[in-house]
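Undergrad: just a sequence and a predicted model for now, questions to come.
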Amino acid sequence: MPQSLPTNASVPTSIQSGDLMLYGSRTLVLFYKSFSTSYSYTKIGKIDDVTGLLAALGGDDIKVVFQLAD
């Protein structure tokens with residue numbers, strides 16, 4: 001991220017597919033697999049319907065673009 005974002009980091013009980021979190025204050029992470037972790041993240045949001053997320057993100061180089069809604 002070009003600028004630091006505010007954080008409220010904690011160690012989640014587990015990461016779920018579709019979780020959108022900050023790692024530190026400048027790294028946005030979209031998880032496509034569920035797993036346990038000991039790292040701290042700030043929860044931003046979640047994709048409710050993760051059907052096809054692993055197939056879409058689990059391959060080669062992926063570019064994800066976020067833009068503000070009008």
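TA: Done, it's in.
Undergrad: quick one, strands of this protein?
TA: Ranges of strands in the chain, per DSSP state E, are 19-23, 27-30, 42-46.
Undergrad: which one of those lies closest to Leu5?
TA: Closest approach to Leu5 among the strands of the chain is made by strand 19-23 (6.0 Å; C-beta to C-beta). For glycine as for every other residue, the C-beta is placed from the backbone atoms N, C-alpha and C.
Undergrad: what residues of that closest one count as buried?
TA: Using 16 or more other C-beta atoms under 10 Å as the test for burial, strand 19-23 gives Asp19, Met21, Leu22.
Undergrad: now swap in stretch 38-46 and tell me
TA: Neighbour-count burial for stretch 38-46 [16+ other C-beta under 10 Å]: Tyr41, Thr42.
Undergrad: could you verify my assumption that Gln16 touches Ser34?
TA: Yes. Using C-beta atoms under 8 Å, Gln16 is in contact with Ser34, at 5.0 Å.
Undergrad: now the chain, which segments are flagged as low pLDDT?
TA: Along the chain, segments meeting pLDDT under 70 span 1, 58-59, 70.
Undergrad: which residues of it fall in helices?
TA: Under the criterion DSSP state H, the chain carries helices at the ranges 53-57.
Undergrad: and the nearest residue to Ser40 once chain neighbours are set aside, how close does it get to Phe66?
TA: Using C-beta to C-beta, 6 or more residues apart in numbering and skipping the chain neighbours, the partner closest in space to Ser40 is Ala9 (4.0 Å). To Phe66, Ala9 is 20 Å away according to C-beta to C-beta, to the nearest Å.
Undergrad: what does Ser34 give?
TA: Ser34 sits at a distance of 22 Å from Phe66 (criterion: C-beta to C-beta).
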